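[1] A predicted structure for the sequence below; I have some questions about it.
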Amino acid sequence: MKNHIHITKVLLGIACFALYAVQPMALVYARGTSEEARQPDSQKDPQASDTETRTVTDHAGNVVEIPVNPQRVASLSAGLVTIPLLELDAAIVGSATSTRDGKTFIFSAKELFDLDFESSNLFDYGSGGKDIEQVKASQPDLIIGSVRGKYYDVVSGIAPTVLVDFGKGREMYEDIAMWIGKEKRYNELYTQYKTRLKEVKAKFTIPPEKQTIAITGSPNTAKGTISLYNTFGSIPAVVNDLGFNPTSFVRDNLQGELFRSVNLEILDDIFTEADFFILPIMYSYGETEEEIHSSLDEIMPKWRQAMKAYKNDNFIIMQEELGLSHVFKCYNFILDVFEKHAQ
């Protein structure tokens, strides 16, 4: 379509193939078996035994003794934890899940890693990782959850438990890698990403530092508002790495906030100011580009005339499943999107 990019799963595979050519992904799962799930020996720290431990401080301030080489990792947060664990080739035994139309799945796992939960043999911890009996049954040696979960006192009695804060962005991912002994793989992926970042940034004829960008959620037609993202998800992380400037409203009002809903008056100013406008939607939940256009028509009938990014072919509707989790597969895919708009 003329004024935006329809991002597909096929393009995701093309965009990220080179990233994984150096080190193929080998996912390891276990369910209800006496044989422990183990990461490939080549990924282990040769100086650390399976029983060796270390002390870390998680994002909630808990001081926890955890295994250096965890062999059965339980994730109580799909997008925050499971997706990074998959990219890092962790030995996962179970995950928090979602259910839609009678089918259980892990958000983004199919789109990013072609993982079908129902055929994976992973333990199902349910929505928000609340199925404590399944967590117990999976016999984890390390549990990773969210600081927003209300399960720490219970699950920390099952196995060492560390909590992550989504607001920490890539620092969260780096800490997860450290906690599961995958610093080497993380650093390899980060190095590849930085190389790709430099290549894409060099293709802009107008440097990103001289351009502004807005990232929003879908319009709320009932309230006539839209959520303006600041540090929510991997898209803002890549935008920041490229050097784009936030809109003046974000710069002056959203420091320390993940996102905020804004009214039409503020939205009009953002439309006028932003050189790029990014709007991620959930294709797996049935959201479409046509619905976004209709919603914008409803809350702001003249949005096409007002939005500078639309008039300059820089209004990008992106699949949220590919731009939410902090993993390098998302980062590199987002770079490919910006490469197409370098100007």
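    Received, thanks. Model, not experiment: these values are computed from the prediction. Residues are numbered from 1 along each chain as shown.

[2] alpha carbons only for contacts and neighbour counts from here, please
    Will do.

[3] Assumed residue 185 was part of a helix.
    Yes: assessed by DSSP: H, G, I helix; E, B strand; the rest coil, residue 185 belongs to a helix.

[4] Against residue 177, how distant is it?
    Distance from residue 185 to residue 177, counting by C-alpha to C-alpha, to the nearest Å: 8 Å.

[5] okay, the two: which has more neighbours?
    residue 177 (21 against 16; other C-alpha atoms under 10 Å).

[6] before we move on, back to that, who touches both of residue 185 and residue 177?
    residue 88 (C-alpha atoms under 8 Å, 6 or more residues apart in numbering).

[7] Let me know the pLDDT of residue 198.
    Here the pLDDT value assigned to residue 198 is 97.

[8] how about the strand or helix carrying it as PDB, C-alpha atoms only?
    Of the helices and strands defined by DSSP states H and E, residue 198 is found in helix 183-201. Provided in PDB are the C-alpha atoms of helix 183-201 (Å, rounded to 0.1, in the frame of the first residue of the first chain):
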ATOM      1  CA  GLU A 183      26.100 -13.900  28.500                       C
ATOM      2  CA  LYS A 184      28.300 -15.200  25.600                       C
ATOM      3  CA  ARG A 185      25.300 -15.700  23.300                       C
ATOM      4  CA  TYR A 186      23.800 -12.400  24.300                       C
ATOM      5  CA  ASN A 187      27.000 -10.600  23.600                       C
ATOM      6  CA  GLU A 188      27.300 -12.300  20.200                       C
ATOM      7  CA  LEU A 189      23.800 -11.200  19.200                       C
ATOM      8  CA  TYR A 190      24.400  -7.700  20.500                       C
ATOM      9  CA  THR A 191      27.500  -7.300  18.500                       C
ATOM     10  CA  GLN A 192      25.700  -8.500  15.300                       C
ATOM     11  CA  TYR A 193      22.900  -6.000  16.100                       C
ATOM     12  CA  LYS A 194      25.300  -3.100  16.600                       C
ATOM     13  CA  THR A 195      26.900  -3.800  13.200                       C
ATOM     14  CA  ARG A 196      23.500  -3.900  11.500                       C
ATOM     15  CA  LEU A 197      22.500  -0.700  13.400                       C
ATOM     16  CA  LYS A 198      25.500   1.200  12.000                       C
ATOM     17  CA  GLU A 199      24.800   0.000   8.500                       C
ATOM     18  CA  VAL A 200      21.100   1.200   8.600                       C
ATOM     19  CA  LYS A 201      21.900   4.500  10.200                       C
END
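
[9] Mind checking what secondary structure residue 104 has?
    strand.

[10] How about it, nearest residue that isn't a chain neighbour?
    residue 98 (5.7 Å; C-alpha to C-alpha, 6 or more residues apart in numbering).

[11] tell me the contacts of the residue nearest to residue 245 when sequence neighbours are not counted?
    Nearest non-adjacent residue to residue 245, counting by C-alpha to C-alpha, 6+ apart: residue 212, 4.6 Å away. Applying C-alpha under 8 Å, 6+ apart, we find residue 212 in contact with 244, 245, 246, 247, 273, 274, 275, 276.

[12] Okay, and which of the residues you listed map to helices?
    Taking DSSP state H as the definition of helices, those contribute residue 273.

[13] Contacts only, for the closest residue to residue 300 other than its chain neighbours.
    Nearest residue to residue 300, sequence neighbours excluded (C-alpha to C-alpha, 6+ apart): residue 264, at 7.5 Å. Residues near residue 264 by C-alpha under 8 Å, 6+ apart: 224, 225, 299, 300.

[14] got the residues you listed as a markdown table, with secondary structure, pLDDT and neighbour count columns?
    Shown next, in a markdown table, are these (DSSP: H, G, I helix; E, B strand; the rest coil; pLDDT from 0 to 100; neighbours: other C-alpha atoms under 10 Å):
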| residue | secondary structure | pLDDT | neighbour count |
| --- | --- | --- | --- |
| 224 | coil | 92 | 16 |
| 225 | strand | 92 | 22 |
| 299 | helix | 92 | 19 |
| 300 | coil | 93 | 17 |
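
[15] Let me have these in a markdown table, extended by distance to residue 142.
    Compiled in a markdown table, the contacts of residue 264 are given as follows (distance: C-alpha to C-alpha, whole Å):
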| residue | distance to residue 142 |
| --- | --- |
| 224 | 44 |
| 225 | 41 |
| 299 | 47 |
| 300 | 49 |
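
[16] how does the protein divide into domains?
    9-13+205-339, 31-181 (automatic domain parsing).

[17] now the last one: how far from the chain's centre is it?
    Its chain's average C-alpha position is 15 Å from that of domain 31-181, according to C-alpha atoms, centre = their mean, to the nearest Å.

[18] Show me the shaky parts of the chain.
    1-50, 343 (pLDDT under 70).

[19] quick one: the helices in it?
    Shown for the chain, the helices assigned by DSSP H span residues 9-21, 83-87, 109-113, 132-137, 152-155, 170-179, 183-201, 234-242, 248-253, 264-273, 289-299, 303-306, 308-311, 328-339.

[20] what would the ones you listed look like in TSV with distance to residue 123?
    Formatted as TSV, the helices of the chain follow (distance: least, C-alpha to C-alpha, whole Å):
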stretch	distance to residue 123
helix 9-21	26
helix 83-87	15
helix 109-113	15
helix 132-137	7
helix 152-155	15
helix 170-179	20
helix 183-201	25
helix 234-242	27
helix 248-253	41
helix 264-273	44
helix 289-299	35
helix 303-306	46
helix 308-311	45
helix 328-339	24
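
[21] Right, I'll leave it there.
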